[in-house]
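1. coordinates only, sequence not included:
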């Protein structure tokens, strides 16, 4: 059975009015030990996973999963390519890399991937390991001839090398120009550790809060719209053969970090012989998802926080898989929002694959753990009485009002739902007291946004919607 056919049957079998996520049929050939990743914008959904013999396949839906098109990058390239990077939205296209080949879609058609006739100023890479969108630039982490390198492009065609250095191992994020290296425990001691670069990858500095044996992978780091960045890290544990896992947080866009593992929720295995292991830091500009025990079938569960890990909710309802007419329990490993639905990846002994649930039936339950119930206890969150008006915005401008307790440097930005900065309203000193700043929205596409105000005391954000 082709993957696209199986996925269409699977998603169609999930009743949109039901409060139960069902896995009607497993993906054929899917390696259940690898959780599927989702990339979503609006009603567009990209599904990628470690599929035996199909690491270059991408499932694309433009109607929130009602219908699905399979894209085989081997067919697009005309030859066999290696495992694909994550799909990255950039401008009016989507990009993905596989082997040393870059692909992108035609504007307006997320299913129409074609090979990009890219030019690389220092020679084409052997492999594109990861792609990142950072403001008006697309950044590629590449390898070739034994050299790791970073390249940047404004149009996806002409690429300029930012850095070629031996001291970075595994670039996992690029946030407002800050390059984050998640480390590789198998590398020589000189290149281990979690590192950041403020000069485009030319030089990296280790983050002291991370021991050298802690590793962060690409799906394990998430930047919020208020400048807070989260990361789940793991360290191999040879005693019980279950990785030790940790939660880290940065309150300044990734420049400095702190271990906040004690803010994690209480997982499904709490008090049992086996400990919970935590992976994946994903979500939206205002929500963080983390996954407990992603490879443990029914013990897998997803939790989210909307208040900086002060409180957590467990995503529900529990999924069910149908196996030879019998209903069996499954666990969820990743959740994402697409259109009027939530999509998830279901693990079970009977089979594994994606399913979806109508937003109206999304039923999270309170979970134990976190830092408390008051947002005031979360360091780095500033109470400025921030408000945006009018809201929704139907014209070309809005006003943001806030009050500063002390004079000092202040930055005011507009960010989209993916946490990307789309406009800068103010960047400089302001005196203590009430302030009103105009926000130009004429160039913004209809949708949801946040105004983010960062001061020396912390950050505050306020949502608004642009309607045309």
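-> Arrived safely, thanks for sending. Small disclaimer: the values here were computed from a predicted structure and weren't measured. Numbers count the residues shown, from 1 in each chain.
2. Break this structure down into its domains, please.
-> Using automatic domain parsing, the domain ranges for the chain come out as 3-374, 382-466.
3. Check which helix or strand the nearest residue to residue 148 once chain neighbours are set aside maps to.
-> Among residues not flanking residue 148 along the chain, residue 168 sits closest, at 6.2 Å (C-beta to C-beta, 6 or more residues apart in numbering). Where you see a C-beta, it was placed from the backbone N, CA and C, and this is true even at glycine. Using DSSP states H and E, residue 168 maps to neither a helix nor a strand.
4. same check, this time on residue 343
-> Using DSSP H and E, residue 343 falls in strand 341-347.
5. Given that strand, what are its sheet partners and their directions?
-> Partners of strand 341-347 in the sheet, by DSSP bridges, are strand 331-338 (antiparallel), strand 353-358 (antiparallel).
6. Same list, the ones you listed, but as JSON lines with mean neighbour count please.
-> Formatted as JSON lines, the strands paired with strand 341-347 follow (neighbours: other C-beta atoms under 10 Å):
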{"stretch": "strand 331-338", "mean neighbour count": "24"}
{"stretch": "strand 353-358", "mean neighbour count": "24"}
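7. Now render these as a markdown table, adding distance to residue 158.
-> Compiled in a markdown table, those are given as follows (distance: least, C-beta to C-beta, whole Å):
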| stretch | distance to residue 158 |
| --- | --- |
| strand 331-338 | 32 |
| strand 353-358 | 36 |
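8. Indicate which one of these is closest to residue 235.
-> strand 331-338 (20.5 Å; C-beta to C-beta).
9. now that closest one: mean pLDDT?
-> For strand 331-338, mean pLDDT rounds to 82.
10. What is the distance between it and the centre of its chain?
-> 12 Å (C-alpha atoms, centre = their mean, to the nearest Å).
11. Any regions of the stretch 301-450 of the chain where pLDDT drops low?
-> Within the stretch 301-450 of the chain, the ranges that satisfy pLDDT under 70 run 317-329, 348-352, 372-383, 417-420.
12. residue boundaries of the strands in it?
-> 301-305, 312-314, 320-323, 326-329, 331-338, 341-347, 353-358, 365-367, 387-389, 397-404, 408-416, 421-430, 433-440, 447-455 (DSSP state E, counting those that start in this stretch).
13. Which of the strands paired with strand 341-347 sits closest to residue 195?
-> strand 331-338 (26.5 Å).
14. just the domains of the chain: most buried one?
-> Mean neighbour count, computed with mean count of other C-beta atoms under 10 Å, is highest for domain 3-374 among the domains of the chain, reaching a mean of 19.
15. ok, the residue most central in space within the chain - contacts?
-> In the chain, the C-alpha nearest the mean C-alpha coordinate belongs to residue 282, at 4.0 Å (C-alpha atoms, centre = their mean). Under the criterion of C-beta atoms under 8 Å, 6 or more residues apart in numbering, the neighbours of residue 282 are 219, 222, 288, 289, 334, 336.
16. Show me the beta-bridge partners of it.
-> residue 289.
17. ok, it to residue 153 distance?
-> Residue 282 is 25 Å from residue 153, where distance means C-beta to C-beta, to the nearest Å.
18. Residue 76 too?
-> 20 Å.
19. With residue 460 instead?
-> Distance from residue 460 to residue 153, by C-beta to C-beta: 34 Å.
20. tell me the secondary structure for the residue lying closest to residue 218 once chain neighbours are set aside?
-> With sequence-adjacent residues excluded and distances taken as C-beta to C-beta, 6+ apart, residue 218 is closest to residue 172, at 4.6 Å. Look at residue 172: counting by DSSP: H, G, I helix; E, B strand; the rest coil, its state is strand.
21. Just the pLDDT at residue 172, thanks.
-> pLDDT, residue 172: 87.
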